[in-house]
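Participant: got a structure for you, letters missing:
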C-alpha cells in the first residue's frame, strides 16, 4: 500500500519540504498538544507513519486503562502523518472512524497508519493501535480508518476518486 | 431524544449510583487525562451531556487551531457520558466517527452529545462540537456519531437493535 | 443547517443545471440501481433531501426486516443528494458511517439528509433513516453521517475546512 | 486475524448450526435483497468471508460506475458474515464506516472481510472491496470497518472490549 511521495509547497513554514523522519518529528514537536501528550514519531515514509506514546498515569481514565481520547488523538495524528508521506504537508484531516477492541493497558501505545489510496480529492488511510507490554508483547487495542484532504485541491476533475 | 435513566450497579465504585451532574463531574475528575486536558461537564441528564474545555496554547496544533485530537477526545468522552444518562455507568465506548468541518479557533470548545437511541446492545449517540468566541458567538467545528455498549449485556434476545 | 445552492457546471449532462426537485428525481431515475430498488425523491433543496422506498419483499433479509444494505444504499444516496443542493451535481461521495438502531419494519423507508456544513473541500451531511407504519407512525431505524467531495476542487487554500 | 468458530444456537432456523460455506450460501440465498442483487459467497470460515457480485447494468449509477449503494450493501453483508464465523449466526450488524477510493468499474465486485477481534460485546471487522477486470486484474475501490453484536450478549462483565 505504498503511497506516492511528492514534493509540496509548504503552507506555513512549520515543516521542511523534505519529507523525512526528522522533519516529521519536528512537525510533531511543533504541535503543543503532541508535546503535552508526549508523542514521538518512529516511522515516516513510503505511505506509512508510526507514532508512540509511553503510557503514564496522566493519560489514563478512571479504571486504569489508557483514555479513549488518547487513542483517538493517536489515530487522528498518525492517519494524517501517513497521508503526508503521499500528499505532502499541505493537508487537513477530513475525519475518521475508530473502534475500540479491548482496554489499552501496557508500557507503550503504538499507532501505525498506512495510506490505502492517495486520490486527488482525498487520501484514505487505515490505522492499527496496539499496546506493548513489559516483555515486548504487542496486542491490538483499536483500529481506525480515516480521510485526509489536500489543501490545494485536485489537479483536475475526471471522475477519479 | 430523551434516554431512560436507570439505576445500575456501579462496576468499580468510582461513580455514585445516582446519575446527576455532580457525580458526572466527579467521574470526569477521576479521569487523569480529563484533568490534563482540563475538561468540565456543564450538562448531564435526560439523554444528553455537555463537556467544555477552555482553549489554551497546550491544546493546539502547529497552525494555532485546536488539535483534532482534543476534538476527538471531547467527542469520545461526551458521547459516552450522554449514554451514561440512559445506560448507567457500567458502559464502555464501542467507537465513533468524527468529521471536522472547519478549524477550531475560539475561547472555549464545547461538545454536546445526545442519545439517539438506547437499545439493549448499544446506545447510539450524536455529538456536535462547537467553538465559542470572545463575544459568545458559537459555531460548529466538528460532528460525531458513536456507540456505547453496556458492560452487562442485554436483558434478552428478541431481535431488537 | 441550510446549505448554499450554487449553480454548477453539469459534468456529464445527466442532470439539469437547475437544481430542483424535478431534476433531482430525473437524476435518481438515471441511476439503474435506484430504479431496481424503486426509490423516489420527495424533497430536494435548501441543504436537504429526502428519499423514500416502499418496502416490499425483495428488499428484506431473512428475518423479515429491511436489509441493512437497503438502509445503507438510502443513506449513501440521500447524503449525496443533500450535498448536491449546496455543491451542485459535480460531486462524488467520500464515504459515510451508519449505525443501525432497531430492525426496520414498516410500509415505507424514509431517509432524510441535511448538510451540516458545505466547505471548500468536503460537505458533511447527516441522515436520519425512519420507517413509516400502516397508521403513519414514524420511528428512527438508523442514523448516518458522511462526506461528499466537489469534483472540481476548492476555490483556494486558506486553511478553512 | 483468525476468529474463533463457536457453535451457536440458531435463532430462527434459517441457518444450519454448522458454519460452513454451504450453509453461509444458504443464509445468503434466504435474503431476498441478496437475491435481487445476485450476490454469492465464495469464502466463509476462520474469521473471514468473501462475497462476489457480477457487475451488470442494473447495479450502476448514472455515470456507468457501480452504485455506492451496492458497495455499501456488500460491505454491510460481508462484515456480518465474517463476524458469523466467530460469533455464530445469532448476531446483528451494529454499523459500519465506508470510504470510497475510486469509481468501481469492472466485471466483478468482490468484498472480503476479516474479523479483527471478536470480543464479548462486539466483533470488529474490516472489509476490502475490489473490482476485478476482464483480464483478472484486481484493484481496491473501497474500504470499510464495522461492528457486529451478539444477540445473546456477553458471557460476563469484566471490562474486556
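Facilitator: That came through fine. Computed from a predicted structure; not experimentally measured.
Participant: for residue A:64, which three-state class applies?
Facilitator: Of the three states, residue A:64 takes coil under DSSP: H, G, I helix; E, B strand; the rest coil.
Participant: the closest residue to it other than its chain neighbours in helix, strand or coil?
Facilitator: In space, and not counting its chain neighbours, residue A:64 is closest to residue A:105: 7.1 Å by CB to CB, 6 or more residues apart in numbering or on different chains. The C-beta positions use only the backbone N, C-alpha and C, and glycine is treated the same way. At residue A:105, secondary structure determined by three-state DSSP is coil.
Participant: dump the residue contacts of residue A:105.
Facilitator: A:55, A:64, A:65, A:66, A:131, A:133 (CB atoms under 8 Å, 6 or more residues apart in numbering or on different chains).
Participant: which of these lies closest to chain D?
Facilitator: For these, the residue nearest chain D by CB to the nearest CB is residue A:65; the value is 8.0 Å.
Participant: pull the contacting residues for that closest one.
Facilitator: Applying CB under 8 Å, 6+ apart, the residues near residue A:65 are A:103, A:104, A:105.
Participant: now residue A:44
Facilitator: Neighbours of residue A:44 in contact, by CB under 8 Å, 6+ apart: A:19, A:20, A:21, A:24, A:25, A:50, A:81, A:84, A:85.
Participant: buried ones among the residues you listed?
Facilitator: In terms of neighbour count (16 or more other CB atoms under 10 Å in any protein chain shown), the buried residues within the contacts of residue A:44 are A:19, A:24, A:50, A:81, A:84, A:85.
Participant: and those residues, which two are furthest apart?
Facilitator: A:19 and A:50 (14.9 Å; CB to CB).
Participant: pretty sure residue A:104 sits against residue A:66.
Facilitator: Yes. Assessed by CB atoms under 8 Å, residue A:104 is found in contact with residue A:66 at 3.8 Å.
Participant: can you list residues touching both of those two?
Facilitator: Between them, residue A:104 and residue A:66 share the contacting residues A:55, A:131, A:141, judged by CB under 8 Å, 6+ apart.
Participant: can I get the residues you listed in CSV with secondary structure?
Facilitator: Listed next are those as CSV, based on three-state DSSP:
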residue, secondary structure
A:55, coil
A:131, strand
A:141, strand
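Participant: do the strand or helix carrying residue A:70 and chain C meet?
Facilitator: Using DSSP states H and E, the element containing residue A:70 is helix A:68-87. No. Using CB under 8 Å from any CB of the partner chain, helix A:68-87 never reaches chain C; the gap is at least 12.2 Å.
Participant: now do residue A:60 against chain D, distance only.
Facilitator: 14 Å (CB to the nearest CB, to the nearest Å).
Participant: residue A:81 too?
Facilitator: Computed as CB to the nearest CB, the residue A:81 to chain D distance reads 18 Å.
Participant: with adjacent residues omitted, what lies nearest to that residue?
Facilitator: Counting by CB to CB, 6+ apart, the residue nearest residue A:81 is residue A:49, at 3.8 Å.
Participant: give me the pLDDT value at the one you found.
Facilitator: We note a pLDDT of 98 for residue A:49 in this prediction.
Participant: now swap in the one 3 residues further on and tell me
Facilitator: pLDDT, the model's per-residue confidence, is 98 for residue A:52.
Participant: count the neighbours of it for me.
Facilitator: Residue A:52 has 19 neighbours, counted by other CB atoms under 10 Å in any protein chain shown.
Participant: who does it form a beta bridge with?
Facilitator: residue A:40, residue A:110 (DSSP bridges).
Participant: ok, now how distant is the residue nearest the centre of chain A from residue A:41?
Facilitator: Centroid-nearest residue in chain A, with CA atoms, centre = their mean: residue A:78, separated by 0.5 Å. Residue A:78 is 9 Å from residue A:41, where distance means CB to CB, to the nearest Å.
Participant: residues shared between the contacts of those two?
Facilitator: A:49, A:50, A:51.
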